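S.K.: make a model of this:
(2 chains)
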Number of protein chains: 2
Amino acid sequence: MDYSRFFSDDVPSFLRSPVREIFRKVDLASIYSFAGGYPDASTFPLAEMEGLTRQVVEKYGARALQYGGTQGVTELREIISQRYDVPLERVQITTSSQQGIDVCARVFLNPGDVVLTTYPAYLGALQSFRAYRAAVHRLPLEDLSANGKAKLIYIVPDFCNPSGVTMSLEERQALVEFARRENLLIVEDSPYRELRYSGESIPTIYSLAPERTLHLGSFSKIFAPGFRLGWIIAEPELLEQIFVCKQALDLCPPVFDQYLAAEFMGSGALDRNLERSISLYRDKRDYMVSLLEKYMPDGVSWTHPDGGLFLWVTLPEGIDTVAMYDSALATGVAYVAGSFFFPDGSHRNTMRLNFSYLAKERMEAGVQLLAAEIAKARSQQMIDG
Amino acid sequence: MDYSRFFSDDVPSFLRSPVREIFRKVDLASIYSFAGGYPDASTFPLAEMEGLTRQVVEKYGARALQYGGTQGVTELREIISQRYDVPLERVQITTSSQQGIDVCARVFLNPGDVVLTTYPAYLGALQSFRAYRAAVHRLPLEDLSANGKAKLIYIVPDFCNPSGVTMSLEERQALVEFARRENLLIVEDSPYRELRYSGESIPTIYSLAPERTLHLGSFSKIFAPGFRLGWIIAEPELLEQIFVCKQALDLCPPVFDQYLAAEFMGSGALDRNLERSISLYRDKRDYMVSLLEKYMPDGVSWTHPDGGLFLWVTLPEGIDTVAMYDSALATGVAYVAGSFFFPDGSHRNTMRLNFSYLAKERMEAGVQLLAAEIAKARSQQMIDG
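M.R.: Residues are numbered from 1 along each chain as shown, chains lettered A, B, ... in the order given. Here you go, the predicted structure:
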């Protein structure tokens, strides 16, 4: 039967995530994966789960298994409110921070509206904006004449996915000034903020412009991604529409998981765990950089991020990381081609490498395989050229 | 700051759930609530949670806390596939069956498209359809001339929320014939199907027309609503677009919860629990009906459903359940006014009563309060008239 008549006008704009497609086909454990933004499984509170469950059952009883409020359970909202020093009415729990992005797109964007962002940009955000047929344009700030329908700025100021870059205070202030001048909302996506391994913490954009910023947080990197939980901090007037929208999306965030998160955070276990994670990831970042220095052919460069989960790698002009991908995967190593993070598909000589997921003892073999693929592509290029 | 310029053209069509609004303001435990479609908390596997968590941790380890596939974890999809006798590739796990409805609206509906449904209709579905600016028209089947842009039929064939009505086999066959003739998709929303207390099970619409039906299931009534989990069974070609859409919605359903559900179902605990729930709800349905018979004033009638969670009550013409609501809540009893389930706001003399949530020993006092409110409204009406 032909289903084409049934699909909405948005469907042709749906973008597939190459990361999600890789993991649909390949067993992650069977390869050296630098592809997904997966935390190191050793940071998960696996040993604590049984105790956390017991606590939740004892403390909250049947409430933990019943429907909950659309805003999220009060106990968890209170913890977020205290931790980030914002009033309770500014905290909405979301079913993943991806939902936070999507619900912003749903509440704010019409087809043809423009979202301004840095290039490269987080793929999941591009998926959401594209799915509502919004156009994504690149910041810098000068060129707003082409952006008459601009409404939102989407930005990952701390340890950007995929570039690893962190905005300085001056850049944040300039961005806020620009947003105020042009009357734009800012979606500040901040899943990695607490994963800083070096340098000084920089104020959030939300703290600089609370009146026009929606600050998105995630439990995926500080608790575990298997619970799909995040939060939005914003003006009550903005949250009110998100609240009504979310009723129709899924009624409420997962209740049991919210209480698990509240117990994990409230008991101080999260902060102890976070300290261990930071130390682990700092070590893995440094080790990854040392491996790239050791094995990568000449002409390859990479970022050295102060936090987060990703390095951004630039290969010599003319090497195509999309074309190279199948061959690399066949040898057992996965990455994400950088051009997927550019709405115009440019920068085909770049790639995003994740350093958090792969166990440290497997990283060297993975980098060696990757370096060999790059060297192969390079000599192929020399022959072709 | 004035945010009006930022909201999308869909926002004015967002519909608030009066049920969710009630529970935002009122502590459920402090009132006699016949309002929400909440299961009886005694059916929740609270005592099993610690053991289930231990099993999940032992059996699946860190996988249970990591990101998972967008389609849902294979173990749970396999259980659904076997239980409902459909191939694995036809099973997509959703983050609640509300998300199942919403993702169908998102993938299939353009502004102005028409959804056909029975009146009264499930409020959460009306919220989703309205939020995409689709029009909702009433079945019957004759009047399709007005429905040139009809694309979907939305139907709850078993123990409909809110009416409690179940479609006969002949009605299902006629609906399928109609859908085939007019080339429409059918969204069969089936959260209550397993909660049958009397009468014989009737084949699903999906089994009659698998090529054009999306069958939505829910774990909320057979496991617990605090886990936001549901499923869609449909043709792979339809699921493929839902899969891509869902990547941008929340990446994947909650992984830990999916493994808990898989362990709960796989061990046979779900079927044992379901048997107890059915027996409990049958008893509560009968008790509720006996209380209505005992206390309701003349001229009030109600349905006697074979399953599900709701009775539909019709009051004498002229009594307005919307107007009566605040006064009823002030005396401590909550219901949902029937007109909320009619897109045209009609049938203001009806109400939906839930009989699953309130503890049996509190039901009599609740019905007495409600009957007194109705008697008061009726005598007011006589004075006014």
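
S.K.: quick check: pLDDT value at residue A:23.
M.R.: If you check residue A:23, the pLDDT there is 73.

S.K.: where does it land in three-state SS?
M.R.: Following DSSP: H, G, I helix; E, B strand; the rest coil, the label given to residue A:23 is helix.

S.K.: tell me how many other residues surround it.
M.R.: 21 (other CB atoms under 10 Å in any protein chain shown). Backbone N, C-alpha and C define where each C-beta goes, glycine included.

S.K.: do the same with residue A:236
M.R.: So residue A:236, with other CB under 10 Å, has 11 neighbours.

S.K.: what count of nearby residues applies to the residue lying closest to it once chain neighbours are set aside?
M.R.: Excluding the flanking residues, the one nearest residue A:236 by CB to CB, 6 or more residues apart in numbering or on different chains is residue A:89, at 5.0 Å. Residue A:89: 13 surrounding residues under other CB under 10 Å.

S.K.: hang on, residue A:89 in a strand?
M.R.: No - counting by three-state DSSP, residue A:89 is not found in a strand; it is helix.

S.K.: can you give me the distance of residue A:236 to chain B?
M.R.: 11 Å (CB to the nearest CB, to the nearest Å).

S.K.: what about that residue, distance to residue A:91?
M.R.: The gap separating residue A:236 from residue A:91 is 10 Å, by CB to CB, to the nearest Å.

S.K.: ditto for residue A:111
M.R.: Residue A:111 is 31 Å from residue A:91, by CB to CB.

S.K.: domain boundaries for chain A, per the record?
M.R.: A:4-44+A:271-384, A:60-268 (automatic domain parsing).

S.K.: which one's the longest helix in chain A?
M.R.: If you go by DSSP state H, chain A has its longest helix at helix A:269-295.

S.K.: summarise which helices and strands that helix is packed against.
M.R.: In this structure, helix A:269-295 makes packing contacts with strand A:310-314, helix A:360-384, judged by 3 or more CB pairs under 8 Å, 6 or more residues apart in numbering or on different chains; DSSP states H and E.

S.K.: turn those into TSV, columns for mean pLDDT and mean neighbour count.
M.R.: Output for the helices and strands packed on helix A:269-295, formatted as TSV (pLDDT from 0 to 100; neighbours: other CB atoms under 10 Å in any protein chain shown):
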stretch	mean pLDDT	mean neighbour count
strand A:310-314	98	21
helix A:360-384	92	16
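
S.K.: would you turn the ones you listed into TSV with distance to residue A:19?
M.R.: Below are the helices and strands packed on helix A:269-295 laid out as TSV (distance: least, CB to CB, whole Å):
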stretch	distance to residue A:19
strand A:310-314	12
helix A:360-384	16
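
S.K.: so which of these gets nearest residue B:115?
M.R.: Nearest of the helices and strands packed on helix A:269-295 to residue B:115, taken as CB to CB: strand A:310-314 at 42.5 Å.

S.K.: I'd like the next helix or strand past that closest one.
M.R.: helix A:325-331 (DSSP states H and E).

S.K.: average pLDDT across that next one?
M.R.: Helix A:325-331 comes out at a mean pLDDT of 94.

S.K.: now stretch A:210-221
M.R.: Stretch A:210-221 comes out at a mean pLDDT of 97.

S.K.: what's the first-to-last distance across it?
M.R.: End-to-end distance of stretch A:210-221: 24 Å, with CA to CA, to the nearest Å as the criterion.

S.K.: where does pLDDT dip in chain A?
M.R.: A:140-148, A:385 (pLDDT under 70).

S.K.: which stretches in it count as strands?
M.R.: For chain A, the strands defined by DSSP state E cover A:32-33, A:91-94, A:114-117, A:135-138, A:150-155, A:185-189, A:213-218, A:230-233, A:301-302, A:310-314, A:333-334, A:336-337, A:350-354.

S.K.: out of the domains of chain A, which is closest to residue B:54?
M.R.: So among the domains of chain A, domain A:60-268 is nearest, using CB to CB, at 14.4 Å.

S.K.: and that closest one, end to end?
M.R.: 19 Å.

S.K.: quick check: buried residues in stretch A:17-35?
M.R.: By 16 or more other CB atoms under 10 Å in any protein chain shown, the buried positions in stretch A:17-35 come out as A:17, A:18, A:19, A:20, A:22, A:23, A:28, A:31, A:32, A:33, A:34, A:35.

S.K.: among those residues, which pair sits farthest apart?
M.R.: The most distant members of the buried residues of stretch A:17-35, if one measures by CB to CB, are A:17 and A:32, lying 20.0 Å apart.

S.K.: which residues are contacting stretch A:318-328?
M.R.: A:315, A:334-335, A:337-339, A:348-351, A:369-370, A:373-374, A:376-378, A:381, A:385 (CB atoms under 8 Å, 6 or more residues apart in numbering or on different chains).

S.K.: intersect those residues with the contacts of chain B.
M.R.: Taking CB under 8 Å from any CB of the partner chain as the test, chain B is in contact with none of the contacts of stretch A:318-328.

S.K.: looking at the strands of chain A, which is nearest to residue B:135?
M.R.: Closest among the strands of chain A, once you apply CB to CB, is strand A:150-155, at 27.0 Å.

S.K.: wait, does the closest one contact chain B?
M.R.: Yes - interface with chain B: strand A:150-155 contributes A:151, A:152 (CB under 8 Å from any CB).

S.K.: list the neighbouring strands of that strand plus their orientation.
M.R.: Strand A:150-155 has the following sheet partners, assigned by DSSP bridges: strand A:114-117 (parallel), strand A:185-189 (parallel).

S.K.: the inter-axis angle of it versus strand A:213-218?
M.R.: Relative orientation of strand A:150-155 versus strand A:213-218 (axes from the mean of the first three to the mean of the last three CA atoms, to 10 degrees): 40 degrees.

S.K.: which parts of strand A:150-155 are buried?
M.R.: A:150, A:151, A:152, A:153, A:154, A:155.

S.K.: near chain B, which residues of the stretch 151-300 of chain A are found?
M.R.: A:151-152, A:183, A:185, A:211-212, A:220, A:224-228, A:235, A:237-238, A:241, A:244-245, A:247-257.

S.K.: try it again with 10 Å
M.R.: Applying CB under 10 Å from any CB of the partner chain, we find that the stretch 151-300 of chain A lies next to chain B at A:151-152, A:180, A:183-185, A:211-212, A:220, A:223-230, A:235, A:237-238, A:240-241, A:243-260.

S.K.: quote the end-to-end distance of stretch A:246-255.
M.R.: Start-to-end, stretch A:246-255 (CA to CA) is 15 Å.

S.K.: now the buried residues of stretch A:17-35 as CSV including distance to chain B?
M.R.: CSV is the format used below for the buried residues of stretch A:17-35 (distance: CB to the nearest CB, whole Å):
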residue, distance to chain B
A:17, 5
A:18, 11
A:19, 9
A:20, 5
A:22, 11
A:23, 6
A:28, 9
A:31, 15
A:32, 17
A:33, 12
A:34, 15
A:35, 12
